[in-house]
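A.B. asks: Would you be able to build a 3D model of this:
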Amino acid sequence: MIKTENELFDFLKLNIYGDLKSTKYQMSKWDCYSKNAKHIIELKCRKEHYDNLLIEKIKYDYLIEKGFKYKSVPMYINSTPKGVYRFNLDFIKPSWTRRQQPKTTDFENNLKVEKVVGFLNINDSEKLN
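C.D. replies: As a prediction, this is how the structure comes out:
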């Protein structure tokens, strides 16, 4: 089972994107890219499996915008205990809602803030493992 974004990155580089590169800035709104596949990618690792996986609107909008700018496909890749799921955001338009969410993920600051989020159903994804 893939537990961290580093493990997910390594899995993708070994099995899917041989040319996968990390973004230079750790707090970027996207994590990596493949020039060969023309994919820009946001990675998320979930400790529990959900059929509907959360995406922040700010990240979704950024990926869509940058995909258009760089003529690349915006991908959102999630790992859960049941597998790795790849969403092509060019074909998914979530419904948006406001929710109280932790300000950051997997960091010490667990302050809650309001975020605009949507959900991606795993039936709209490609299962990678």
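A.B. asks: Any buried residues in stretch 72-91, and which?
C.D. replies: When burial is assessed from 16 or more other C-beta atoms under 10 Å, stretch 72-91 yields the following buried residues: 72-80, 84-87, 89. Quick note: C-beta positions are derived from backbone N, CA and C, even for glycine.
A.B. asks: elements contacting the helix ranked longest in the chain?
C.D. replies: The helix spanning the most residues in the chain, taking DSSP state H as the definition, is helix 57-70. Judged by 3 or more C-beta pairs under 8 Å, 6 or more residues apart in numbering; DSSP states H and E, helix 57-70 is in contact with strand 39-45, strand 73-80, strand 112-121.
A.B. asks: Tabulate those (TSV), appending distance to Phe9 and mean pLDDT.
C.D. replies: What follows is the helices and strands packed on helix 57-70, written out as TSV (distance: least, C-beta to C-beta, whole Å; pLDDT from 0 to 100):
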stretch	distance to Phe9	mean pLDDT
strand 39-45	7	96
strand 73-80	9	98
strand 112-121	20	95
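A.B. asks: who wins for proximity to Ile64 among those?
C.D. replies: strand 73-80 (5.5 Å; C-beta to C-beta).
A.B. asks: How far does the closest one sit from its chain's centre?
C.D. replies: Using C-alpha atoms, centre = their mean, to the nearest Å, we find the averaged C-alpha position of strand 73-80 to lie 4 Å away from the chain's own average C-alpha position.
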